[in-house]
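Enquirer: Coordinates for the following, if possible.
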Amino acid sequence: RPAPVAAAAPYTLARADRVPSDQRVIDVHSHFVPHGWPDLGTGAPWLRVESERDAMIMIGSDEFRRVRSDCWDAAARLADMDADGVAAQVVSPTPVFFAYDRPVGEAEKVARIFNDLALEICRPGGRRLLPFCQVPLQDPDAACRELERCLDAGHAGVEIGNHVGDRDLDDEGIVTFLQHAASLDAPVFVHPWAMPSSPRLDRWMAAWLTGMPAETHLSIIAMILGGVFDRVPESLRICFAHGGGSFAFWLGRLENAWRRRPDVVGTSQQPPSAYVTRFSVDSVVFEPAALRVLVDVLGASQVMVGSD
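Expert: Numbers count the residues shown, from 1 in each chain. Sure thing, here's the model as predicted:
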């Protein structure tokens, strides 16, 4: 849905204005961090502001992520977009704020705080900045309520984590939410989060370097083998971050297992390759050769520009 903002700014990039509208770049993967928010309680994220342009996301007393003003300052974000030739950008929550492990009432409060702040951050950009909301996904009723509230307020879609604890995207409650999103024509962006931790994964950012691609791969498999694509309408618009993880590279392995081990893997109505047109991925894979694999396996129509 278009955001109901009074100042719907036209695209300001002169170079982009000379490009045909069907060739303008829309970046589907970026995040925001507000320049402060109310106290969310012990152990919750908070922001240590270090200057006008720099801050550190903290989890308790631990440093989580250094961020700069482009996370909260629309003018800085728009300047970067202009420099990169980006006409419009989806602006999604930072997954550390999801609060899926908190009681539903608290998670709903957290979602409302960050969703309202997202509208404030994006408003100066008019239709160039498209806010996506977050929802308390651990409770489908609360998640559906918050999605409806946010769409009415001006959000363009929703970002969800790829799991809630041990519940993957084929969980009954999450499927209910996806069906509701489809009924509202709300696009869904799936971002990995809360990767497993172990001594082997705690070195070298390995949880991010190997865990994130594996998490997203597993979630797409859950959508296929868990029968989600057989149950949700084809109108569901769902995109997976980071090129869909390792899914495209290993689709042949999945297809082989579906045909050779139907007793274990043959749980979807069609072979896995039949579902590749049911979802999209972003282009955040960092190498042309990897991007070529995505296009060759999934098709160019299923790969969208993302900067992360």
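Enquirer: Am I right that residue 266 falls within a strand?
Expert: No: using DSSP: H, G, I helix; E, B strand; the rest coil, the assignment for residue 266 is coil, not a strand.
Enquirer: Any stretches of the stretch 1-150 of the chain with poor pLDDT?
Expert: Applying pLDDT under 70 to the stretch 1-150 of the chain flags residues 1-23.
Enquirer: From the contact counts, what lies against the longest helix along the chain?
Expert: If you go by DSSP state H, the chain has its longest helix at helix 104-122. Packing contacts for helix 104-122, counted by 3 or more Cβ pairs under 8 Å, 6 or more residues apart in numbering; DSSP states H and E, involve strand 86-91, strand 129-133, helix 140-153. Glycine gets a C-beta too; all of them are placed from N, C-alpha and C.
Enquirer: Which positions within that helix qualify as buried?
Expert: Neighbour-count burial for helix 104-122, counted by 16 or more other Cβ atoms under 10 Å, picks out 107-108, 110-115, 117-119, 121-122.
Enquirer: what's the answer for stretch 35-55, then?
Expert: Of the residues in stretch 35-55, those buried (16+ other Cβ under 10 Å) are 37, 40, 44, 45, 46, 47, 55.
Enquirer: what ranges do the helices span in this protein?
Expert: Using DSSP H, helices in the chain cover 14-17, 74-84, 104-122, 140-153, 172-183, 206, 212-225, 228-231, 251-260, 288-298.
Enquirer: JSON lines for those helices, including distance to residue 61?
Expert: As requested, the helices of the chain are arranged in JSON lines below (distance: least, Cβ to Cβ, whole Å):
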{"stretch": "helix 14-17", "distance to residue 61": "44"}
{"stretch": "helix 74-84", "distance to residue 61": "29"}
{"stretch": "helix 104-122", "distance to residue 61": "20"}
{"stretch": "helix 140-153", "distance to residue 61": "30"}
{"stretch": "helix 172-183", "distance to residue 61": "33"}
{"stretch": "helix 206", "distance to residue 61": "23"}
{"stretch": "helix 212-225", "distance to residue 61": "25"}
{"stretch": "helix 228-231", "distance to residue 61": "39"}
{"stretch": "helix 251-260", "distance to residue 61": "42"}
{"stretch": "helix 288-298", "distance to residue 61": "37"}
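Enquirer: Out of the ones you listed, which is closest to residue 306?
Expert: With Cβ to Cβ as the criterion, residue 306 lies closest to helix 288-298 of the helices of the chain, at 10.9 Å.
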